[in-house]
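Undergrad: Give the three-dimensional model of this entry:
(one chain, ligands or ions: 1)
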Amino acid sequence: MKNCEYDTVITKVNNLFSKKNTLRHLRHLVEDIGPRASGSEGDRRAKDYIAESLRSYGLSVALEAFEFALPEVEKTEPPTDIETFNVIGLVNVNEQKHGEIALGAHYDTYWKVPNCPGATDNAAGVAALLEAARITNQLVGDFTLRRNIKYIAFGAEEHGQLGSYYHVTGKKDFGKLLEASRTDDTNQKAELYQQIAKEAKPVEGISERYYINMDSIGNTGKFLCLFIGDVKELEGIKSVICKVLGEREHSFFEHERANPLEYGSDHVWYNLIYGVPALCFLWPVKSKNDYHSSMDTLDKVNLESLEISAKILAVLAIMLAKGKVQREWKKRVTERHKGASYLFLDNKQLIGDESGGG
Ligand SMILES: [Zn+2]
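TA: Below is the predicted model of the structure:
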């Protein structure tokens, strides 16, 4: 295994990273826009801001619109249906056959409490995502990239990961999912989620081979990485992350199968429905009082963690997009996903891949 490969990528990402830029995103989402509950004015402004930012960095941008109705008991007068969006920015390397890498973060805020500014959860995740998008699009010419990179800001995560569910399945029927997300009994909730996943099929033409999620950058020193999928796939990714983290405290949680309740965020559908390896990064909040509350303010975000997060996202995006892909399609038959074929990376090859070096 050669180190020069990620050293080059890390150096370039470090050189391009802008603290000012990342902070500007964070500040704008939290203080200028404020609460971004699905369907609200803030939600729409955040969607526009994210799309505009991605466009200004040279990515091609697409919006996925979807609607859902709040359960009866939650409807205010007059009952209104909610329309929201996923915002997708594409770094196009003109290479489709090896699939794509997807990275995402939800931009909506918790809807049950008024005035939830959602700084750590998840404006900071979106800020890191936007900065990673800017950096990677600038690096396209520096490396031989074999996969397009998709940056997705998901809507309606706080209502039960609706945006990612829609993105992965193309299904606009959220009834069961809304019901499941509002179930208090955790065992029952897990069962309902598994049921929904079992009944769902991936949307036609989806070609994302990895999904990396960023959800919550709190004021704490510890970086957590949750991984679901074939744990062998994690080895290469782990070494890349550790290299960027340096001496910082971190923990990896590896699971063969997604448990939607382990840490429910947008990554779970990628694994439960689509079967690809899915990661979720977070730096948990220090105090539980800050979580989903009006106290989730700008000062709760650790700016160093924000910087490292943007760098990890950018470095992984480049490394995975460079990935040397095994020649053959490996056919994998899983219980929930019979007959689907996936292209797998050999992560050792990925890290040792010299041919795309720049
Ligand atoms: Zn969140």
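
Undergrad: Excluding chain neighbours, what is closest to the residue in the stretch 251-358 of the chain positioned nearest to the ion?
TA: Taking Cβ to the ion, the ion has its nearest neighbour within the stretch 251-358 of the chain at Ser265, 5.9 Å off. (Each C-beta comes from the backbone N, C-alpha and C, glycine too.) Closest residue in space to Ser265, ignoring its immediate chain neighbours: Asp215 at 4.3 Å, by Cβ to Cβ, 6 or more residues apart in numbering.

Undergrad: Quick check: that neighbour is in a strand.
TA: Yes - per DSSP: H, G, I helix; E, B strand; the rest coil, Asp215 lies within a strand segment.

Undergrad: Quick one: residues contacting it.
TA: Residues near Asp215 by Cβ atoms under 8 Å, 6 or more residues apart in numbering: 105-106, 121-122, 125, 157, 263, 265-266, 280-282.

Undergrad: Filter those down to the ones in strands?
TA: Using DSSP state E, 105-106, 280-282 are the members of those that sit in strands.

Undergrad: Quick check: which element contains Val9?
TA: Element membership for Val9, per DSSP states H and E: helix 4-16.

Undergrad: if we can go back for a sec, quick check: the residue nearest to Ser265 vs Glu41, distance?
TA: Distance of Asp215 to Glu41, computed by Cβ to Cβ, to the nearest Å: 23 Å.

Undergrad: rewinding a little: show the buried residues in the contacts of Asp215.
TA: Using 16 or more other Cβ atoms under 10 Å as the burial test, the contacts of Asp215 include 105-106, 121-122, 125, 157, 263, 265-266, 280-282 as buried.

Undergrad: Leu226 pairs with what?
TA: Phe253, Cys280 (DSSP bridges).

Undergrad: Could you report the distance from it to the ion?
TA: In this view, Leu226 and the ion are 13 Å apart by Cβ to the ion, to the nearest Å.

Undergrad: Could you check how many residues crowd around that residue?
TA: Counted by other Cβ atoms under 10 Å, the residues lying close to Leu226 total 23.

Undergrad: hang on, it packs against His267?
TA: Yes - in terms of Cβ atoms under 8 Å, Leu226 counts as a neighbour of His267; the distance is 7.5 Å.

Undergrad: so how far is the helix or strand encompassing Tyr165 off the chain centroid?
TA: Using DSSP H and E, Tyr165 maps to helix 162-169. In this view, helix 162-169 has its centroid 12 Å away from the chain centroid, taken as Cα atoms, centre = their mean, to the nearest Å.

Undergrad: In CSV, list the C-alpha atoms belonging to whichever helix or strand comes after it.
TA: Per DSSP H and E, the first helix or strand lying C-terminal to helix 162-169 is helix 175-181. Below are the C-alpha coordinates for helix 175-181, written out as CSV (Å, rounded to 0.1, in the frame of the first residue of the first chain):
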residue,chain,number,x,y,z
GLY,A,175,-47.9,7.3,4.3
LYS,A,176,-46.4,4.2,6.0
LEU,A,177,-43.1,5.9,6.5
LEU,A,178,-44.6,8.9,8.2
GLU,A,179,-46.5,6.6,10.4
ALA,A,180,-43.4,4.5,11.2
SER,A,181,-41.3,7.6,12.0
